[in-house]
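Asks: next one to model:
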Amino acid sequence: MYINEQYKTIIIADHDAANLIIAKNSLDDIYNVITVPSGKTLLLLLKSIKPDLILLDTELSEMDGYEIIDTLKRSGETAHIPLILLSANIDPECGKKALGMGVADYITKPFTGKFLAKRVGMHFHIVAQKEGKAK
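Replies: Residues are numbered from 1 along each chain as shown. The predicted structure follows:
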C-alpha cells in the first residue's frame with residue numbers, strides 16, 4: 001500500500017461497500033484513504049498505520065462502533081487519533097453518546113460525498129487552527 005506522506009491519512013471503516021465507495025471517491029483526491037469493512041480489520045491495520053483521522057461506522061461486524069471507540073480511547077497508541085462516527089441512526093441520543101465518548105464529530109447516513117468532504121475538511125481546519133497552522 002502506497003501512502004503519500006504529504007497528504008493526511010484517513011481510514012474509513014464501514015460495513016456497507018456503497019458507503020466505502022462514496023467516502024473514498026469523495027476524499028481520495030485530497031487525502032490518503034484506506035477502507036476497511038470490519039472492526040477487526042481496522043484494529044489490525046492500526047498496528048501498522050497511524051492515521052490522521054478515522055471515519056467509523058456504528059454498525060460494523062464483530063464489534064460495533066461504540067466498542068471500537070472504547071477500545072481505541074483506552075489505548076495509549078490510538079487514544080489521540082480523531083474519530084468521526086458515521087451512523088444511520090438519527091436518534092440524537094446516539095450522537096450525544098458518541099460525543100461523550102470523545103469523537104470529534106457525528107455524521108448521519110445517508111451522506112453525500114460533498115458533505116462528507118466538507119466535514120472532514122472542517123475537522124482538519126479546526127485542528128490546524130488549534131496548532132496555529134491555519135491559513
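
Asks: which helices and strands sit right next to the strand or helix carrying residue 72?
Replies: Element membership of residue 72 [criterion: DSSP states H and E] is helix 65-74. In terms of contacts (3 or more Cβ pairs under 8 Å, 6 or more residues apart in numbering; DSSP states H and E), helix 65-74 is packed against helix 39-45, strand 53-57, strand 83-87, helix 92-100. Quick note: C-beta positions are derived from backbone N, CA and C, even for glycine.

Asks: among these, which comes closest to residue 107?
Replies: Taking Cβ to Cβ as the criterion, strand 83-87 is the member of those that comes nearest to residue 107, at 5.3 Å.

Asks: send the alpha carbons of the helix or strand of the chain with the lowest mean pLDDT over as PDB?
Replies: Lowest mean confidence among the helices and strands of the chain (mean pLDDT, DSSP states H and E): helix 92-100, at a mean of 86. Taking C-alpha atoms only, helix 92-100 is exported to PDB below (Å, rounded to 0.1, in the frame of the first residue of the first chain):
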ATOM      1  CA  PRO A  92     -29.900  12.500  19.000                       C
ATOM      2  CA  GLU A  93     -29.000  10.300  21.900                       C
ATOM      3  CA  CYS A  94     -26.700   8.300  19.700                       C
ATOM      4  CA  GLY A  95     -24.800  11.400  18.700                       C
ATOM      5  CA  LYS A  96     -24.700  12.600  22.300                       C
ATOM      6  CA  LYS A  97     -23.300   9.200  23.400                       C
ATOM      7  CA  ALA A  98     -20.600   9.300  20.700                       C
ATOM      8  CA  LEU A  99     -19.600  12.900  21.500                       C
ATOM      9  CA  GLY A 100     -19.500  11.900  25.200                       C
END
